[in-house]
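In: Take a look and give me a structure for this.
(2 chains)
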Amino acid sequence: MINSEATSFLGRTLRRRSFLRVAGATAASSALVLAGCGEDPAPAPTPDTTTLGFKQDDTGVLNFAYLLEQLEAAFYQKVVEAFPADFTAADKAAFLDLRDHEVIHREFLKFALSTNAYDAGLTTPLAFNFTAFTLTTRAGVYAAARTLEDVGVGAYNGLARRIANPQYLQLLAKLASVEARHAAFVRDQAEPNSFAASDVIADSGSLAGLDTVKTPAEVATLIASLLPVVLITDGLMLL
Amino acid sequence: MNILRIIEQLSEVDADVLGRFDSRRAVFKTLGETAKKGALASAPIFVASLFSKAYGQTTAPSVIEVLNYALTLELLEEDYYKKMTAAGQVPTGAPAGAIALILKHETAHVKLLTDTIKSLNGTPVTDTDVKFKESLFPADYATQLAFAQALEDTGVRAYKGQAGNLMSNSALLQVALQIHSVEARHAAHIRTMRGQTPWIPASDSNLPAPLGPVYTGGIREDNVTQSNVNLTTQLGTTYSANDAAASFDEILTMAEVLDSSRAGGLVA
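Out: This is a model prediction of the structure:
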């Protein structure tokens, strides 16, 4: 089953492609078996110019998270490149942190997905459109950040149950709580003491005390105006 | 299929791979016996169980145990904020508003978890079982906030640590993570009330004794390596240790949380 070409291929790529699978390989055993057989990775979904689909498996879920992190990173990068005139030194420091966190999230997921990343074959990455936001004022920037971060928290809370590999689940949870910290911070800056206000944390009823959950389809709708493509989340919704 | 080569490859990214098995000799003895039995057809299943044993938690707690553990932490937080409110040192206005909102959420979490455990025919722990230790309650507001930070950041780590144990019930998993992100919002806000960053950088998070161990553990909060990727050096460009550590929150195991150096030491 193993030939020399496959062996060198694996030797070269295991550390990169199979990181997530290998590290703490609880449920990754079948993936490891595939690695031992020199199996090629499943092909990444190919985006065309108008739609972007996600596979009905863990790579689909991780790609969805990757796209969200790309979006957030691009947003903070744009703000950092031209801070609003009324941004304080503290605002600037916080946004540099936020930018760095989201870029690290993005780059980590890209590295982990490797050839499975939806844009691995694209010559130019997706260009996001933030014209719906007012990025020239402090208030506008924090309002935009609040929207994005709250969507991010809801999205991660909706993705967790769709992931099959416990190691990936743990990674998503590690990202999710950082997004929640971001959300709390930008909300407080947009409106004092709104870190967990009743528009995101239900005040009463059976959902009292719980944060939001957004399904992939709901997230796709919420961020549609910011994207150059239409997201096809049918596969994720079946998970 | 070459099992030995898989292990060899694993050892490149996990130097302790053989240590994870019972012993080096046992691994090779088992592998040898499998080969002798000509069991290569079933080797994938065999390898799967081998790695599950090596990397998995030895005994996963039941769903009820996980829920009661979460309820214990929520009861501890709820009682703490009740004591904090009763102590009367929280400044009126925004600080009092924040503490009241957080207490309200903890009470909601207690009710939700209690009801869920009952609906699963389990026996929930109660507020007579779990109290914040009176003798440890801080006399001054600043230290009260520091304890609140410790409780919230511990809560985030504790819920995260149990996600894998709730995968058998996706509805419960989702609810647990909906609580998890609320705890993270609380933690972020309390940290800012203390003049800290809302997220946890690698540098000292400035908690007084005996709260330091909140950020230690098998995987420390200043960890900069995720899935064997060093975030500071291996992502194409370099990032600071503070950014790398802050961009990922880390878990605590049940045993770590219940240890007397952490939340376990705060329960009356």
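
In: quick one, what contacts the residue of chain B found nearest chain A?
Out: Here chain B gets closest to chain A at one residue, B:Ala108, 2.8 Å apart by C-beta to the nearest C-beta. From N, CA and C alone the C-beta is placed, and that goes for glycine too. Neighbouring residues of B:Ala108 by C-beta atoms under 8 Å, 6 or more residues apart in numbering or on different chains: A:Ala208, A:Gly209, A:Leu210.

In: Let me know the pLDDT of the residue nearest to the second one when sequence neighbours are not counted.
Out: Residue nearest to A:Gly209 in three dimensions, not counting chain neighbours: B:Ala108, with 2.8 Å by C-beta to C-beta, 6 or more residues apart in numbering or on different chains. In this prediction, B:Ala108 carries a pLDDT score of 98.

In: With A:Thr124 instead?
Out: As predicted, A:Thr124 sits at a pLDDT of 87.

In: For the residue nearest to A:Gly209, what is the enclosing helix or strand?
Out: In this structure, B:Ala108 sits in helix B:94-119 according to DSSP states H and E.

In: got the buried residues for that helix?
Out: Neighbour counts over helix B:94-119 (16 or more other C-beta atoms under 10 Å in any protein chain shown) mark B:98-99, B:101-114, B:116-117 as buried.

In: Now find how far off-centre it is within its chain.
Out: 19 Å (C-alpha atoms, centre = their mean, to the nearest Å).

In: can you give me the strands in chain A?
Out: For chain A, the strands defined by DSSP state E cover A:51-53, A:230-232.

In: Go through those and name the closest to chain B.
Out: strand A:230-232 (21.0 Å).

In: Tell me which strands the closest one pairs with, and in which orientation.
Out: strand A:51-53 (parallel) (DSSP bridges).

In: What residues of the partner strand count as buried?
Out: So, applying 16+ other C-beta under 10 Å, buried residues of strand A:51-53: A:Leu52, A:Gly53.

In: Give me the contact list for that strand.
Out: Contacts with strand A:51-53, where a contact means C-beta under 8 Å, 6+ apart, come from A:Pro45, A:Pro47, A:Leu67, A:Tyr118, A:Leu126, A:Val229, A:Val230, A:Leu231, A:Ile232, A:Asp234, A:Gly235.

In: Out of those residues, list just those in helices.
Out: A:Leu67, A:Asp234, A:Gly235 (DSSP state H).

In: I'd like those residues as CSV, with neighbour count, distance to A:Arg161 and pLDDT appended.
Out: Converted to CSV, the ones in helices among the contacts of strand A:51-53 look like this (neighbours: other C-beta atoms under 10 Å in any protein chain shown; distance: C-beta to C-beta, whole Å; pLDDT from 0 to 100):
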residue, neighbour count, distance to A:Arg161, pLDDT
A:Leu67, 26, 19, 98
A:Asp234, 12, 17, 97
A:Gly235, 18, 15, 97
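
In: Any chance of TSV for those residues, columns distance to B:His180?
Out: Converted to TSV, the ones in helices among the contacts of strand A:51-53 look like this (distance: C-beta to C-beta, whole Å):
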residue	distance to B:His180
A:Leu67	22
A:Asp234	28
A:Gly235	26
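
In: any idea which of the residues you listed is the one closest to A:Ala183?
Out: Of all the ones in helices among the contacts of strand A:51-53, A:Leu67 has the smallest distance to A:Ala183: 18.2 Å, by C-beta to C-beta.
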